[in-house]
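K.L.:
Provided below are the primary sequence and the corresponding predicted coordinates.
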Amino acid sequence: MAKPLVLEQVTKQFGEKTAVNGISLQVEEGEIYGLLGGNGAGKTTTMRMVLGLIYPDAGRILYHGQEYSSELQHKMGYLPEERGLYPKVKVSDQIVYLARLKGMSAQEADKSLRYWLERFEVPDYYNKKIEELSKGNQQKMGFIAAVVHKPKVLILDEAFSGLDPVNVELLKETVKELRDGGTSILFSTHRMEHVEELCSNITILQRSNTVLQGNIQDIKKRYPREEVLLHTTGTVTGLEAIPGVVRVEHRERGYSIRISDVAAAQDILRRAMEESTVEHFEIKEPTLNQIFIKEVGDSHE
Ligand SMILES: Nc1ncnc2c1ncn2[C@@H]1O[C@H](COP(=O)(O)OP(=O)(O)OP(=O)(O)O)[C@@H](O)[C@H]1O
């Protein structure tokens with residue numbers, strides 16, 4: 001069966017500027033796909049092309065094997081990074097209107113909106129104007145506007161920005177539920193810990209080009225493990241002198257040791273066992289944040 005969303009060698013120019021240069025990716029049904037990159041890397045331009053708001057100059061975008069058509073708008077939802085709702089308009093008027101544009105009847109739209117307001121424990125927002133709500137609650141209304149019409153493809157740009165930790169969890173659980181219900185989600189953020197938690201596959205863009213792509217766990221295996229965590233009951237001396245140890249940092253319950261060669265880890269463990277009792281020993285995988293910084297570094301715009 002054709003995949004919900006496929007980008008093939010998609011390119012977009014703005015005058016002389018190439019904003020997106022030959023990006024290819026595929027999002028499965030029921031997948032949250034991470035689209036990452038530094039500022040100006042081309043993420044928003046890519047999302048706008050997927051939404052049919054702008055057209056690629058080269059390459060193509062396929063939705064279940066079909067080229068873009070206006071009816072597809074009904075099946076797509078978008079939470080833009082910048083606020084998309086009108087401040088002076090009531091939540092109910094605005095979201096019902098948007099859902100109707102996406103092909104829902106007024107009755108269905110109203111029912112769906114009420115469901116989401118209950119779900120987010122803010123049923124009284126129904127009659128409030130957007131400008132009366134706090135920034136985080138406006139973000140939640142933006143999220144509802146993106147999902148109210150039950151889209152098959154959902155595009156989330158910094159979906160959790162401005163939310164407190166409780167609301168981040170609430171929205172994260174909602175996004176996982178939508179995924180489990182079969183929605184294909186293109187998820188863009190600068191928060192790598194959210195990507196690690198939600199996405200299995202990612203593309204990292206740098207200056208309009210793909211620099212890294214694939215399954216997060218497979219990507220991690222390609223990077224050296226450069227940190228050892230060691231918790232001991234007492235002090236361990238001479239760690240700095242072990243070949244391959246780059247830096248030793250004292251932590252509350254032991255040490256974080258930066259290594260240049262994973263073989264040093266065995267010598268660290270041996271030394272720790274000779275001098276103390278080891279409570280915890282771990283050769284840490286690189287985090288996605290570390291990988292991102294390595295790949296994108298300070299070369300973003
Ligand atoms: N309408 C436009 N006209 C001219 N240049 C544009 C336009 N839209 C985007 N660009 C340029 O294309 C490049 C990619 O921009 P884009 O907004 O896609 O980046 P981004 O990855 O979303 O960045 P950020 O993380 O900062 O939001 C940038 O150099 C930007 O200046």
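P.N.:
Yep, that arrived. Numbers count the residues shown, from 1 in each chain.
K.L.:
per-residue pLDDT, the residue of the stretch 51-200 of the chain found nearest the ligand?
P.N.:
Residue nearest to the ligand within the stretch 51-200 of the chain (Cβ to the nearest ligand atom): E81, separated by 6.2 Å. Every residue, glycine included, has its C-beta placed from N, CA and C. pLDDT for E81: 86.
K.L.:
and what of the one 3 residues further on?
P.N.:
At G84 the predicted local confidence, pLDDT, stands at 79.
K.L.:
ok, which residues in the protein are in contact with the ligand?
P.N.:
F14, K17, A19, G37, N39, G40, A41, G42, K43, T44, T45, E301 (Cβ under 6 Å from any ligand atom).
K.L.:
which of those count as buried?
P.N.:
The neighbour-count test (16 or more other Cβ atoms under 10 Å) marks A19, G37, G40, A41, G42, K43, T44, T45 as buried among these.
K.L.:
Of all pairs in those, which one is the farthest apart?
P.N.:
Using Cβ to Cβ, the two most remote members of these are A19 and G37, lying 11.4 Å apart.
K.L.:
mind checking the longest helix of the chain?
P.N.:
Longest helix in the chain by number of residues (criterion: DSSP state H): helix 165-180.
K.L.:
Q217 falls within a helix, correct?
P.N.:
Yes: assigned with DSSP: H, G, I helix; E, B strand; the rest coil, Q217 falls within a helix.
K.L.:
For the nearest residue to it once chain neighbours are set aside, grab phi and psi.
P.N.:
The spatially closest residue to Q217, leaving aside those adjacent along the chain, is S200, at 7.9 Å (Cβ to Cβ, 6 or more residues apart in numbering). Dihedral pair for S200: phi -100, psi -40, per degrees, to the nearest 10.
K.L.:
Kindly provide the distance from S200 to M47.
P.N.:
19 Å (Cβ to Cβ, to the nearest Å).
K.L.:
neighbour-wise, which of those two wins?
P.N.:
The neighbour count for S200 versus M47, taken as other Cβ atoms under 10 Å, is higher for M47 (21 against 14).
K.L.:
what about stretch 241-253, start to end distance?
P.N.:
21 Å (Cα to Cα, to the nearest Å).
K.L.:
what's it in contact with?
P.N.:
226, 229, 231, 239-240, 255-261, 263-264, 267-268, 271, 279-280 (Cβ atoms under 8 Å, 6 or more residues apart in numbering).
K.L.:
give the contact list for M141.
P.N.:
Counting by Cβ under 8 Å, 6+ apart, M141 touches L85, V91, I95, Y125, I130, L133.
K.L.:
Am I right that it sits in a helix?
P.N.:
Yes: looking at M141 with three-state DSSP, it is inside a helix.
K.L.:
Before I go, just wanted to say thanks for your time.
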